[in-house]
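S.K.: What would the 3D arrangement of this be:
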Amino acid sequence: MLITLTKQDAHASQLLGADTVKLCEMQGFAPRLENAKQSRTEANIWGFKAEFAVARLLDLEPPTLNVLSDGGIDLWYGDTSIDVKFTNKEHGPLIFDTHEKFRADLAILVGKVGGDTLRINGWIDRSTFCDKAVKADFGYGPRYKMDVDDMAPIEKLWKGFATSRFSVKRRSVH
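M.R.: Predicted structure coming up:
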């Protein structure tokens with residue numbers, strides 16, 4: 001599913017991405033980056049753009065600035081925690097360094113299309129990812145990956161959330 005951000009959400013992503021890096025620098029440590037084609041600020045901006053895209057699609061609270069860490073959780077739907085993962089490739093894959101780094105209840109993969117348009121590729125719960133992800137080395141040591149085709153479509157998650165939010169609660173009549 002393609003999502004184009006509003007100018008306001010794109011602007012907020014720019015500010016949050018730049019602020020995150022600046023706060024890290026002010027604390028005396030360099031943010032991790034293993035991509036020579038992109039600055040840490042650019043990577044953070046795209047991460048926030050992905051989070052805004054998912055938040056808007058699922059009608060969730062938008063992302064906020066976390067000074068220390070988000071603990072592997074970007075968004076919440078009720079008591080369900082969500083880790084939004086961004087990739088510069090439009091169609092994935094979803095990557096976690098280790099199974100332990102998948103801390104949220106589910107992950108949603110978002111790919112870069114261009115401009116302020118992103119593709120929400122799909123989602124997976126932690127247990128299924130840990131069972132089905134395969135090891136791969138992208139030049140930084142072994143990691144776990146899952147291709148987009150092995151993930152559930154975002155429409156299925158959206159429908160499940162919408163059904164739980166808007167379904168009529170039937171009372172039993174005795």
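S.K.: State the next helix or strand along the chain beyond the helix or strand hosting residue 12.
M.R.: Mapping residue 12 onto the secondary structure by DSSP states H and E places it in helix 7-26. Helices and strands here follow DSSP H and E; after helix 7-26, the next one along the chain is helix 40-58.
S.K.: Centre of the chain to that following helix, how far?
M.R.: What separates the centre of helix 40-58 from the centre of its chain is 7 Å, taken as C-alpha atoms, centre = their mean, to the nearest Å.
S.K.: Could you check the angle it makes with helix 7-26?
M.R.: 140 degrees (axes from the mean of the first three to the mean of the last three C-alpha atoms, to 10 degrees).
S.K.: So for helix 40-58, mean pLDDT?
M.R.: pLDDT averaged over helix 40-58 equals 93, rounded to a whole number.
S.K.: got it, and stretch 18-36?
M.R.: Confidence for stretch 18-36, expressed as mean pLDDT, is 73.
S.K.: So residue 143, which state does it fall into?
M.R.: The three-state assignment at residue 143 reads strand, by DSSP: H, G, I helix; E, B strand; the rest coil.
S.K.: Which pLDDT does the model give it?
M.R.: So, for residue 143, pLDDT stands at 95.
S.K.: ok, back up a step: counting by contacts, list what the helix holding residue 12 packs against.
M.R.: If contacts are counted by 3 or more C-beta pairs under 8 Å, 6 or more residues apart in numbering; DSSP states H and E, helix 7-26 sits against helix 40-58. For glycine as for every other residue, the C-beta is placed from the backbone atoms N, C-alpha and C.
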